[in-house]
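J.: sequence unknown, structure follows:
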């Protein structure tokens, strides 16, 4: 799904492309049913998480208006995946700040080969988010950078970040490392968008 040559990784669009296209493979033998059931449950959980994140982001953008065409489309997609109604309602409520005021924060880090990465995050608990991001990154051998350390490679373009200085990745191993990092970050629900200056 990921193309490393792209300079911008938007989780919003990546999720849209991925949701609803998951498949299971393998033979339906009795010996594999239990394993397949567990694998299916894990994959379904990830799909629900991604749809919920999309709904939360879109709900935030449209003020929780369930009649908004964009939000309605995501709700229909969630229903098509048999996502529980309470999960959908909780995602919408989270988008409009129910249960705590959300704030947007941009975090910075350097990826493989010194690639600059920006994370646009929505959170209702800054300390929790920082702690969880640090833990996630440390497991992959990375860490958050100081404010301004990676932002120099981007400029603000409306609500998004546009890279001004591109860094070509030297070989496939670096591309694979960046893909692994991006995929891990995409699993974290508080992250709305991921930007990199890799080319």
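T.: Perfect, thanks for sending it. Nothing here was measured: the structure is a model prediction, and the numbers come from that model.

J.: Quick one: distance of stretch 172-181 to the chain centre.
T.: Its chain's C-alpha centre and that of stretch 172-181 lie 17 Å apart, by CA atoms, centre = their mean, to the nearest Å.

J.: Kindly apply the preceding question to stretch 184-197 instead.
T.: Taking CA atoms, centre = their mean, the mean C-alpha location of stretch 184-197 is offset from the chain mean by 4 Å.

J.: can you confirm residue 141 is in a helix?
T.: No - under DSSP: H, G, I helix; E, B strand; the rest coil, residue 141 sits outside any helix and is assigned coil.

J.: residues touching residue 197, list them.
T.: Residues in contact with residue 197, defined by CB atoms under 8 Å, 6 or more residues apart in numbering, are 7, 115, 116, 153, 154, 163, 164, 165, 166, 167. Quick note: C-beta positions are derived from backbone N, CA and C, even for glycine.

J.: Let's see that with 10 Å instead.
T.: Residue 197 is in contact with 7-8, 111, 114-118, 150, 152-154, 161-167, counting by CB atoms under 10 Å, 6 or more residues apart in numbering.

J.: Need the nearest residue in space to it, chain neighbours excluded.
T.: Spatial nearest neighbour of residue 197, chain neighbours left out: residue 163 (3.8 Å); criterion: CB to CB, 6 or more residues apart in numbering.

J.: Repeat that for residue 134.
T.: Distance criterion CB to CB, 6+ apart; nearest residue to residue 134, sequence neighbours excluded, is residue 144 at 6.1 Å.

J.: remind me which residues of this structure are low pLDDT?
T.: 1-43, 98-102 (pLDDT under 70).

J.: can you list the domain ranges for it.
T.: Domain assignment of the chain by automatic domain parsing yields the ranges 11-95, 101-196.

J.: Now render these as JSON lines, adding mean neighbour count.
T.: JSON lines is the format used below for these (neighbours: other CB atoms under 10 Å):
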{"stretch": "domain 11-95", "mean neighbour count": "15"}
{"stretch": "domain 101-196", "mean neighbour count": "16"}
